[in-house]
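*Asks:* Provide a 3D model corresponding to the input given below.
(2 chains)
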There are 2 protein chains.
Amino acid sequence: MNNKEELLKTYKEWIFRMSAYNMALAIIGIDQQTVAPKAGAEYRDARTAYLAGELFSVNTDPAMVEILKQLLKEDIDDDTRRAVELYLEDAEKTLCIPKDVYVSYQELCSTSYSKWLEAKTKDDYAVFAPYLKKMIEMKKQLYGYRNSDKSIYDQMLDDYEPGMNIEKYDAFFDALRERIVPLLKKVQAAEPIEDSFLYEDYDIEEQKKFMAELLQYLRFDPEWGYQNETEHPFTSWTCENDCRTTTKYLKDNVVSAIFSTIHEVGHAYYEHDIDPKYDGMILSEGISSGMHESQSRLCENYLGRTKAFWEYNYPILQKHFPKQLGNVSLDAFVKAINVAKASLVRTEADELTYPLHIMVRYEIEKGLFNGTISTEGLDKTWADYYEKYLGIRPENARDGILQDVHWSDGSFGYFPTYALGSAMAAQFMAAMRKDMDVDKALSENRYTDCIGWLKEHIHKYGFRYGAEDIMKIATGKEFDVNYYLDYLEDKYSKLYNL
Amino acid sequence: MNNKEELLKTYKEWIFRMSAYNMALAIIGIDQQTVAPKAGAEYRDARTAYLAGELFSVNTDPAMVEILKQLLKEDIDDDTRRAVELYLEDAEKTLCIPKDVYVSYQELCSTSYSKWLEAKTKDDYAVFAPYLKKMIEMKKQLYGYRNSDKSIYDQMLDDYEPGMNIEKYDAFFDALRERIVPLLKKVQAAEPIEDSFLYEDYDIEEQKKFMAELLQYLRFDPEWGYQNETEHPFTSWTCENDCRTTTKYLKDNVVSAIFSTIHEVGHAYYEHDIDPKYDGMILSEGISSGMHESQSRLCENYLGRTKAFWEYNYPILQKHFPKQLGNVSLDAFVKAINVAKASLVRTEADELTYPLHIMVRYEIEKGLFNGTISTEGLDKTWADYYEKYLGIRPENARDGILQDVHWSDGSFGYFPTYALGSAMAAQFMAAMRKDMDVDKALSENRYTDCIGWLKEHIHKYGFRYGAEDIMKIATGKEFDVNYYLDYLEDKYSKLYNL
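*Replies:* Take a look at the predicted model:
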């Protein structure tokens, strides 16, 4: 095949085929996590793995790898060139894996997820432990095929955040530790902020009614978005114009579902706002996990926890819960949702202690892959790390090692991107505040003005540029962790009158 | 390939592949009908059609057709022989269709469904009409490839109910008409039964709470079953141990969701109770649409509308709606849910007028395929038929031609099986009542004793035997429409003191 047009035609058909399998697997995944009856899991998992194998075959088709290489020699437009390069990189990473091993891995992912859920429900780490062990072995096997000089964990970190590795993350976390630990100590020595009213009895049906109004404020449009409930909130960008998010309601916590919703809808906007000319291809994705988390955490924390955000929304929340919040002022509420306090569950953590939760996971992941930490007794190891980093110890596995879904589906190396994303968000936010009156927009029910800024400076590019380029495009500067640390110091000093 | 074991291995792998695509399409279908955001429909539909095309390729793989033929020459067990024969029959029916035509058809099915939903929401037949027209043309094209001597509608009728055709259905409906029309006239001349209390204001959240209790009575176990809400209730047997049903709540009708639930759960039990040794293969399906409807309508009407059923469930319903039903006696309630009255919507119709709704659809389908009826102005034709058969005229398309989903996905020839199934159910019911005290079981919260009888005599066989054989196995006799007509005459004569 020599003709450029023919090559492009074959290339586009190939992309379409991949998008079909990706869509099917995304919908099957959503179904599994939201409504699928448990007893059917074994049957479904085996077939889901088969379909993932089919996708794998399409993905790594050696004939297509040749076509991609030929295409790069042709005079193609820059967008296509970038996409072809990314596809080739992906294909070469996976080409080396035998298909049957890949299918077994997919099967293990499904089973391991079910076992994690069962373990969490039963609060019994022993149910999940053998699958976690298998998952780590399998990951080592999969990465082994790549024959890279880099360590396996370095490769994983790079997969989620291109360019990152243990050395850079160590430096990043050291910088965080240096300023966050003393800051947290000062906060802990200061007068505590009253927040017990957030944790009273909050009827879930009533929370859902408020959520319907909040989703309107966020302009999360049912035409292209849908919210469901799951044990662990997530966002799935099934396809063009189709973003699913989930949340989880807690009876004794009025803000948990709210912030998880703002967070997930932040992810959804990122995918939704990518330039439609990239639809269906690799460019129509967020750049990296860190960039994705920067968008979701920007929405959750830098917008969602401001006074301006609640100037509009708090009276509505009060209307739904007059008994619990009727006598709580806006200022008291905003202070309460920003309290910094060591806690056990990452997704409920405040901005200041959040990076410490990530450090625990980062250290454990490093240990699991360099052999210094074992899955045996990992619930205890986990508790030890919490004691060391946060000064508290989980009393059960549910609020300890089983709290997160990520290890069940083999997403090692993902956690650090949460902290990185939070830090990137600070820098984006500083740039946004230079360009527009964020607080005015939030208090005047124009949330999407802020989303519009993100779209214009970040979202629309999709995967067209790398994370470092986007940082420069959007903020004019390279990534600088001090935006984040300055923000935290400023915010918590004021909040606690330090 | 000559070795029997090798043939069987290839055959089993082929079945597995088909089951994977079937599962994916089932889950995508459920997703589409329950939660998928509308704006993503075009993207999803194109990819769903591609996957259906992949399944089609697997289904009609000429090499597999040869292997099936070879297998039939081998010494294989009877179950496998039956399955191979059925697969071969299916493959030969579709082998003749060009793949691209098949994919276009699948695409049309998805689009047409979306357009039907839009038309129904807007109450505007014009939105749906062009797609209905295309669907009929496409169906003619698809059946044209088969080169059968039979008329297209005859072939469609046979596809849903093997052995049936226009001649037999004409005779069946004539027999119904002969005894039902005079019976209905007598009922209409009798003293009307009070049932207005069923149509008061019934809070939907409260209906859902009752439903949770009803699902427990029905033993619809969340381990293997799940209920959702859709515009048009349906059941999807995704896979082994995984049955999804849906229902629809109406604010001004307390029984609509209840009977649709009992109906759909009846379908679900049929699929769930098939002998697990047939799992994943063609034998693990209900025999025919008529047989399926016989099971769902048996549950809905022959069990669900009895006094015995409500002896247990009515006090619970009253507890949820004391204002509306507190002063309505059990007898008055049971009478009300059995009232016979001409109405516009098939799914809400009583047992006596139900077959008339089917006749309208049957006559229109015949006309659409023999060219005597056009899709243009079909909303008016529909209304004319209702006036002729039921003496009432729909005032809008929503309660008229747009009420049913079936034509939107090309299911022409399906409707008659509802009437046939209702008639078969009467004969099964007579046999069940000979074997066990049905009323005692229902009133004592032992609904699954009745389901157990159905499982033992019908469900467990799956597709192992044909519908006519099952009728003989379960009742000892050939199908006889008089069981149904005797039942209706007896029931309505007593109810209306005729």
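*Asks:* Give the pairing partners of the helix-or-strand element of chain A with minimal mean pLDDT; include direction for each.
*Replies:* Taking mean pLDDT, DSSP states H and E as the measure, the helix or strand of chain A with the lowest value is strand A:235-239, at a mean of 80. The pairing partners recorded for strand A:235-239 under DSSP bridges are strand A:242-247 (antiparallel).
*Asks:* For residue A:232, give me phi and psi.
*Replies:* phi -120, psi 110 (degrees, to the nearest 10).
*Asks:* residues touching it, list them.
*Replies:* A:33, A:248, A:404-405 (Cβ atoms under 8 Å, 6 or more residues apart in numbering or on different chains). In this view, the C-beta of every residue, glycine as well, is placed from N, C-alpha and C.
*Asks:* at 6 Å what do you get?
*Replies:* Neighbouring residues of residue A:232 by Cβ atoms under 6 Å, 6 or more residues apart in numbering or on different chains: residue A:405.
*Asks:* for chain B, what are the nearby residues on chain A?
*Replies:* Residues of chain A lying near chain B by Cβ under 6 Å from any Cβ of the partner chain: A:20, A:23-24, A:27-28, A:31, A:35, A:37-40, A:43-44, A:47, A:50-51, A:223-226, A:239-242.
*Asks:* Show the buried residues in these.
*Replies:* By neighbour count, with 16 or more other Cβ atoms under 10 Å in any protein chain shown, the residues of chain A next to chain B hold A:20, A:23-24, A:27-28, A:31, A:35, A:37-40, A:43-44, A:47, A:50-51, A:224-226, A:239-242 as buried.
*Asks:* Not counting sequence-adjacent ones, nearest residue to residue A:262?
*Replies:* Excluding its sequence neighbours, the residue lying closest to residue A:262 (Cβ to Cβ, 6 or more residues apart in numbering or on different chains) is residue A:304, at 4.1 Å.
*Asks:* Distance-wise, check the one you found relative to chain B.
*Replies:* Computed with Cβ to the nearest Cβ, to the nearest Å, the distance linking residue A:304 and chain B is 23 Å.
*Asks:* Okay, and which of the residues of chain A next to chain B map to strands?
*Replies:* Counting by DSSP state E, the part of these found in strands is A:225-226, A:239, A:242.
*Asks:* Could you find the lowest-pLDDT member of those residues?
*Replies:* Lowest in pLDDT among those is residue A:239, which has 74.
*Asks:* In contact with that residue, which residues are there?
*Replies:* Per Cβ under 6 Å, 6+ apart, neighbours of residue A:239: A:23, B:40, B:43-44.
*Asks:* please redo it, this time with the cut-off set to 8 Å
*Replies:* Contacts for residue A:239 (Cβ under 8 Å, 6+ apart) come out as A:19, A:23, A:26, A:280, B:40, B:43-44, B:47.
*Asks:* cool, residue A:156 as well?
*Replies:* A:139, A:143, A:369, A:412-413.
*Asks:* pLDDT added to those, as JSON lines?
*Replies:* Shown next, in JSON lines, are these (pLDDT from 0 to 100):
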{"residue": "A:139", "pLDDT": "96"}
{"residue": "A:143", "pLDDT": "94"}
{"residue": "A:369", "pLDDT": "97"}
{"residue": "A:412", "pLDDT": "97"}
{"residue": "A:413", "pLDDT": "97"}
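*Asks:* Could you dump those into a markdown table and include neighbour count, secondary structure and distance to residue B:341?
*Replies:* Output for the contacts of residue A:156, formatted as a markdown table (neighbours: other Cβ atoms under 10 Å in any protein chain shown; DSSP: H, G, I helix; E, B strand; the rest coil; distance: Cβ to Cβ, whole Å):
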| residue | neighbour count | secondary structure | distance to residue B:341 |
| --- | --- | --- | --- |
| A:139 | 22 | helix | 65 |
| A:143 | 21 | helix | 69 |
| A:369 | 22 | helix | 71 |
| A:412 | 23 | coil | 65 |
| A:413 | 26 | coil | 66 |
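*Asks:* now, which of these sits nearest residue A:165?
*Replies:* Nearest to residue A:165 out of the contacts of residue A:156 is residue A:413 (Cβ to Cβ; 10.1 Å).
*Asks:* where's the spatially closest residue to that closest one that is not a sequence neighbour relative to residue B:141, distance?
*Replies:* Excluding the flanking residues, the one nearest residue A:413 by Cβ to Cβ, 6+ apart is residue A:156, at 3.3 Å. Separation of residue A:156 from residue B:141 (Cβ to Cβ, to the nearest Å): 52 Å.
*Asks:* again, but for residue A:255
*Replies:* 58 Å.
*Asks:* neighbour-wise, which of those two wins?
*Replies:* The residue with more neighbours, out of residue A:255 and residue B:141, is residue A:255; 20 against 15, by other Cβ atoms under 10 Å in any protein chain shown.
*Asks:* Check that one and give its pLDDT.
*Replies:* pLDDT recorded at residue A:255 is 96.
*Asks:* same deal with residue A:346?
*Replies:* Residue A:346 carries a pLDDT value of 94.
*Asks:* Near it, how many other residues are there?
*Replies:* Residue A:346: 17 surrounding residues under other Cβ under 10 Å.
*Asks:* now swap in residue A:323 and tell me
*Replies:* 9.
*Asks:* And for residue A:254?
*Replies:* Counted with other Cβ under 10 Å, residues neighbouring residue A:254 total 26.
*Asks:* close enough to count as contact, it and residue A:321?
*Replies:* Yes: with contact defined as Cβ atoms under 8 Å, residue A:254 and residue A:321 form a contacting pair (6.7 Å).
*Asks:* got the contact list for stretch A:206-223?
*Replies:* Residues outside stretch A:206-223 that contact it (Cβ under 8 Å, 6+ apart) are A:227, A:241, A:245, A:247, A:249, A:254, A:257-258, A:261-262, A:265, A:268, A:312-313, A:316-317, A:320-321, A:445, A:447-448, A:451, B:37-39.
*Asks:* One more: stretch A:353-366?
*Replies:* By Cβ under 8 Å, 6+ apart, the list of residues contacting stretch A:353-366 from outside reads A:153, A:166, A:169, A:173, A:176-177, A:180, A:184, A:340-343, A:346, A:349, A:372-373, A:378, A:381-382, A:385-386, A:389-390, A:404, A:412-413, A:415-416, A:418-419, A:422.
*Asks:* Could you pick out the buried ones from those?
*Replies:* A:153, A:166, A:169, A:173, A:176, A:180, A:184, A:340-343, A:346, A:349, A:373, A:378, A:381-382, A:385-386, A:389-390, A:404, A:412-413, A:415-416, A:418-419, A:422.
*Asks:* What about these, which are in helices?
*Replies:* A:153, A:166, A:169, A:173, A:176, A:180, A:184, A:378, A:381-382, A:385-386, A:389-390, A:415-416, A:418-419, A:422 (DSSP state H).
*Asks:* Thanks a lot, catch you later.
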